[in-house]
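Asker: Build me a model:
(2 chains)
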Amino acid sequence: MSTISTHLRNFKEPTKEQLTQLFFALPPERIYAQGEKGAQEQPEKMEISASLILEGEESWPGKLHLLPPYLAFIAADRKSARFAIPLSTIRRVERLNARAGVYALSLSLWHGLKIIVQLTSLRPTADLFCALLRDSLKIDLQRGRMKAVKGFVKTCYSEVLLASAENDEKDGGVSKADESASHTAESMYLGGLGLKFKFPGDPKKLREASKTKLWTSYLRTHGRNLTLLRYGQCTRLVQVGLPNRLRGEMWETLSGSMYLRFENPGFYEKILKDNEGRTNTSTEEIEKDLHRSLPEYSAFQNDEGIAALRRVLQAYSFKNPETGYCQAMNILAAAILIYMSEEQAFWLLEVICDRLLPGYYSPSMHGTLLDQRVFESLVHRCLPIIHDHFQQVDVQLSVASLPWFLSLFINSMPMVFAFRIIDCFFCMGPKVLFQVGLAILKINGERLLQVQDDGGFIQLMRQYFSELGDSAHPHSSDPRARAITRFQELLLVSFREFAVITDETILSERRKYRSEILTSIESFAKRSAIRNLKTLGRFTKEQAGLVYDALFKAICVVPPPQVALPPPALLTTKDGQEERPETRIGLKTFRVFMSEICTWARDEKIVRNGFQQRVDREVAEHELINRLFSFWDTSYRGALSLQDLVSGLDGVMFNDLMENIEWFFNLHDKNKDGYLTKDDVLTLSESLLFIFRFELGDAYLGAVSRFMSNAFEYGDALLPRPEGASEDDEPPQIESNQPYMNLATFRMVVLADEILESFFETDFCSTFRLEPVPLELPSSNSGLLGGIWQNITSDDNRKIFNNFTDQIGRTIGKHQVYHRPAIGKYTSLEEPKARESLLTPTMRRPPSKSSLTATESSASVSTPTASTPTSSQVGVESPSTSVSTEFSPMPSMLQAAAQAAVYMERTPFAIDDAKDEEEDTEDESLTEDDGVMDEVDAFLEEHDSGLTEAERELAKDLMHAEPVH
Amino acid sequence: MADGASGSAERSVQVKLVLLGEAAVGKSSVVLRFVSNEFQANKEPTIGAAFLTQKCRLEDRVLRYEIWDTAGQERFHSLAPMYYRNAQAAVVVYDVTKASSLEKAKTWVKELQRQANPNIVIALAGNKVDLVQPSSSSPASPSPEGEEEADDATATPGEGAAAEPESLRQVPREEAEAYAQEAGLLFFETSAKTGEGIVEIFTEIAKKIPIEQILASSRGAGRAGAAGGRTSGQEGAVNLEENASKGRDACNC
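Answerer: I've put the predicted structure just below:
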């Protein structure tokens, strides 16, 4: 009872373009729907060397990126200056008349700020960039984005802040109370619960006023919200802590979630409305946690805060059903709701879960596990003594560090401090978590070396976090040193000593450990899936593991459809028999699964083309496999679980002769009444033909033919007769869908044939093979060479390469294709032998003339029988006519056996032509007649040339050992 | 936190105990009830696992439970090994009003028996019995308001329904008990809300744990030879007949 997920394997390293987008925190490109405004025009992207010049500041060389609908700049050192502004905020672009050779653009933003960029590339490049910029601006204008800006900025507190600051200057100073009153009246800026329920911390101690002042002057000269230019000073201001009222908006701006809100107006309300009243696992889990999300904050002790939290979490789970809801998201959402409105929080949560902490909250939590591994490796590298000590006393870092990362320290340290770390996190990215984590360990280094177990580690950390507000140097004589809190010390150590930890470090470490984590997640999932099986049947755990592997591979190839859960009313019945989510596969996936396990469920071609020999494996499709699918679907769900597969395989793989015959019988007994109908007998024969389709030679084909005629012979003979009817009478007519043959008869018919007997005794079971499934890990293409190799060995390229060599192989006549047989008992059967085997049996038996002539025709008719499943119709037609042939005398068992022996020696093709076969064979079959045999030889000699064509065809299809011409 | 252990640490035995079970069966409430002396009204949300400690006196021994209260959400399952490794005891909690929670409990038991410390003492606790007992229990609840609230947060919706409390029960005591016996687990029906059976769990676990072994191994891994030899005799001497009420007194030190 478990789910099997393969989505981790779909991970792809981000492209360079995606990395740029990620760096600028821009939303993924919007796909315009057909017919939507701007659907046709997809503006081009471009990057160009440029310098950013702002009045009174230095000029920064760097790169200017046109990423419609954004224009972004990053300084060459990647930290001293950057911006990413929506094109729609640009009101005017002018080429500056400057000294010759200087190509500079002046960009006027909607609020009047001017950005000057000097394009330092060659003239034609610069011209091209300008042209593209012009086009993009035009398109943006057509899409009506320019108009949207005005309305949007009204929701930003920064605008209010600047406007009021201006008023202050003009009016000389209105009292603070009046000011805030007038704001709430006239402006519509969005804010969090803190506005009503107070922000955590003491505003005086936090020095709100002076921080606000500093930010006001920064925002005035460097743009704000959508148009913020980030200089070194910005980062420094963030590091000392954002003022409470501005915090929410700055988080939006710094994390880029503001772009999402700007691009998707009304989305939040709509998704809530569209899903109103919907309940699912996520909403249930959310309900459970609502009351334990920052319960110490007053807003979450009353309905207003709880309702907001519920809506934000639900909206996220509706938008991202595959992630849904994960514990810890409640704490994040609750925390950010103190500073931002629901809509802002919704988009910020999206950015956190999707971009900043990818995979942290997914059902497998692979991102969390990965980053814990990365953290451990960084501790190993930066703090080897602590790492070694932990190894020695067997303390796991994650017991303490997991919640740090998962809830951004909110759950671990006093909120005021956690929020300051979060400020830095949004400004500088996920590396902050690692830097702070390392700094915590480093600062506590001495005491950590005393720790003996996990519990002690946790206790120590708890102690440390509770003292973050204390002085770091309480005994210092310098009052300034005394004033430094432990928290300040923490940030200092984080950003000064662990500045070596960069975004690139994190990315490359993640790359390094991704497959390790993936393997451990998958093997954990596998172990619990197998452990949770109700029964292993006769399999060992290892064998069940191989079944799991095959299933896993099949799911990789053909993912099962998302099962639409039945409405909750049905799901949670009063008995509480709630279903656990369980992966079940459909028919398509099942085919792939079977092709892994079972030799006849796949078409394997061995291709030789002079350069290479390879095996092309394809999934076979046949009614037999479909039949097996429903046969194993014992609970009639139209889908199979791992348990179904294990039980199903258990039901066939350990069978002996009799059990196999019975199993095969039951498989084809459609209505499970203990009888096969005539139709069932035909399908069963088809199934056999399908299994034997690639066997060399014609022995199996013959066996099936004999089986069919025997089946109908005995079947008819054993039919109950109307009372008084003599044994010589015609058998009663029976519809093809009426009960016809029971297991005993079927068994007898099968056992009458040596080949079938040995097939059911051993060969059939051995077509099921539990072998290790080769499954490549999506390799983390480390380094350039790895990347190139990855490209070469990708599936597509391999195909191309194969095709190419095949082509050459064909031209030089070395291209050969064999089908690998499912059983492969007869391995070497060359052409002359094949002919011989066609004839040898006949020598012992005098076939009638009619059956001989049939031999000729059958040669061509039966050819396709073995090659393609559809052709097995041939097999269907012939016996169905043979039904009408009269084998009236009911033979005793002895007779039957004797007859069976005879039939075994008949030329296989004679059966195929049962329609021509007359009663006379019965009498003649027991006598030797060399005369007839001579006739055969003569016939063959005579028609040799005529037969060769058919013969070659036959050989090609039966043996598949002939070069394709 | 250091709870003045430095002096008594020599004699107190540290026992690592992990709580497992489906979400919302009341794991945190169970611990909370047990550790309530140290507990503040607002309970910590469980991220990964909450860590709590409680000392407990059993005869002349002082046990120091280190309790790892794991997150119940299914997706945290893969993190559980981190918490149950090296655990000497586990309490697997299910909800008597929810049949599926017993199934989950069984998978936890299976996992523990195969993956955890081979000598781990496992207790199965069917929580929320107050919901299925005749009305008398609810008003008699001695727990203060704040704790009841905490319990409500994870209670099943049917809680309010006053009529026929027994009908809410989905896991018959006999069934769970039989399973526990078969699997070799301690078994209790508990109510974190009324406190029923909670202390008993920890008392019985304390009795069953090979204390001397733990002591021996914590004193020095390699030198456990002689001490280990004596262990078995001492272990047998633990008074298993001691009744539950005495156990309750013994705890809460």
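
Asker: Poorly predicted segments of the chain, please.
Answerer: With no chain named, the answer covers chain A. Scanning chain A with the threshold set as pLDDT under 70 gives A:1-2, A:30-41, A:56-57, A:98-99, A:169-187, A:562-581, A:720-733, A:775-796, A:825-965.

Asker: nope, chain B
Answerer: B:1-11, B:37-45, B:135-166, B:216-253.

Asker: From the contact counts, what lies against the top helix by length along it?
Answerer: The longest helix of chain B (DSSP state H) is helix B:99-115. Judged by 3 or more C-beta pairs under 8 Å, 6 or more residues apart in numbering or on different chains; DSSP states H and E, the packing partners of helix B:99-115 are helix A:503-531, strand B:12-21, helix B:80-84, strand B:89-95, strand B:121-127, helix B:173-183. For glycine as for every other residue, the C-beta is placed from the backbone atoms N, C-alpha and C.

Asker: Any part of stretch A:535-551 near chain B?
Answerer: No. Using C-beta under 8 Å from any C-beta of the partner chain, we find that stretch A:535-551 stays clear of chain B, coming within 10.0 Å at best.

Asker: hmm, the helix or strand containing A:L649 in reach of chain B?
Answerer: Assigned by DSSP states H and E, A:L649 belongs to helix A:642-653. No. Helix A:642-653 stays clear of chain B (C-beta under 8 Å from any C-beta), getting no nearer than 13.6 Å.

Asker: Dump the C-alpha coordinates for that helix into CSV.
Answerer: Extracted in CSV, the C-alpha atoms of helix A:642-653 (Å, rounded to 0.1, in the frame of the first residue of the first chain):
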residue,chain,number,x,y,z
LEU,A,642,2.2,-3.8,-6.8
GLN,A,643,0.4,-6.3,-4.7
ASP,A,644,-1.8,-7.4,-7.6
LEU,A,645,1.3,-7.9,-9.7
VAL,A,646,3.2,-9.8,-7.0
SER,A,647,0.2,-12.1,-6.3
GLY,A,648,-0.4,-12.5,-10.0
LEU,A,649,3.2,-13.5,-10.8
ASP,A,650,3.2,-15.7,-7.7
GLY,A,651,0.2,-17.5,-9.2
VAL,A,652,2.2,-18.5,-12.3
MET,A,653,5.9,-18.5,-11.7
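
Asker: quick check: angle from that helix to helix A:503-531?
Answerer: 50 degrees (axes from the mean of the first three to the mean of the last three C-alpha atoms, to 10 degrees).

Asker: Next secondary structure element downstream of helix A:642-653?
Answerer: helix A:657-668.

Asker: re earlier: in the longest helix of chain B, which residues are buried?
Answerer: B:99-109, B:111-113, B:115 (16 or more other C-beta atoms under 10 Å in any protein chain shown).

Asker: One more: stretch A:118-132?
Answerer: Buried, per 16+ other C-beta under 10 Å, within stretch A:118-132: A:Q118, A:L119, A:T120, A:S121, A:A126, A:F129, A:C130, A:L132.

Asker: Just the residues contacting that stretch, thanks.
Answerer: A:43-44, A:46, A:48-51, A:53, A:59, A:61, A:64, A:66, A:95, A:102-105 (C-beta atoms under 8 Å, 6 or more residues apart in numbering or on different chains).

Asker: A:L383 reaches A:I440, doesn't it?
Answerer: No. Between A:L383 and A:I440 there is no contact under C-beta atoms under 8 Å: 10.5 Å.

Asker: Those two: which has the busier surroundings?
Answerer: Each of A:L383 and A:I440 has its neighbours counted (other C-beta atoms under 10 Å in any protein chain shown); A:I440 has more, 24 against 18.

Asker: so the more buried one touches A:Y464, yeah?
Answerer: Yes. If you go by C-beta under 8 Å, A:I440 and A:Y464 touch, sitting 7.0 Å apart.

Asker: What ranges does chain B have for its strands?
Answerer: B:12-21, B:49-58, B:61-70, B:89-95, B:121-127, B:186-189 (DSSP state E).

Asker: Save those strands as TSV, and put in mean neighbour count and distance to chain A too.
Answerer: Listed next are these as TSV, based on neighbours: other C-beta atoms under 10 Å in any protein chain shown; distance: least, C-beta to the nearest C-beta, whole Å:
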stretch	mean neighbour count	distance to chain A
strand B:12-21	24	7
strand B:49-58	21	5
strand B:61-70	22	4
strand B:89-95	29	9
strand B:121-127	27	14
strand B:186-189	21	17
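
Asker: Turn those into TSV, including distance to A:R614.
Answerer: Output for those, formatted as TSV (distance: least, C-beta to C-beta, whole Å):
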stretch	distance to A:R614
strand B:12-21	49
strand B:49-58	51
strand B:61-70	49
strand B:89-95	52
strand B:121-127	53
strand B:186-189	60
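
Asker: Looking at those, which is nearest to A:T283?
Answerer: strand B:89-95 (19.3 Å; C-beta to C-beta).

Asker: what about the nearest residue to A:L141 once chain neighbours are set aside, how many neighbours?
Answerer: Of all residues beyond its chain neighbours, the one nearest A:L141 is A:S88 (7.8 Å), with distances taken as C-beta to C-beta, 6 or more residues apart in numbering or on different chains. Here the count is done by other C-beta under 10 Å, and A:S88 has 22 residues near it.
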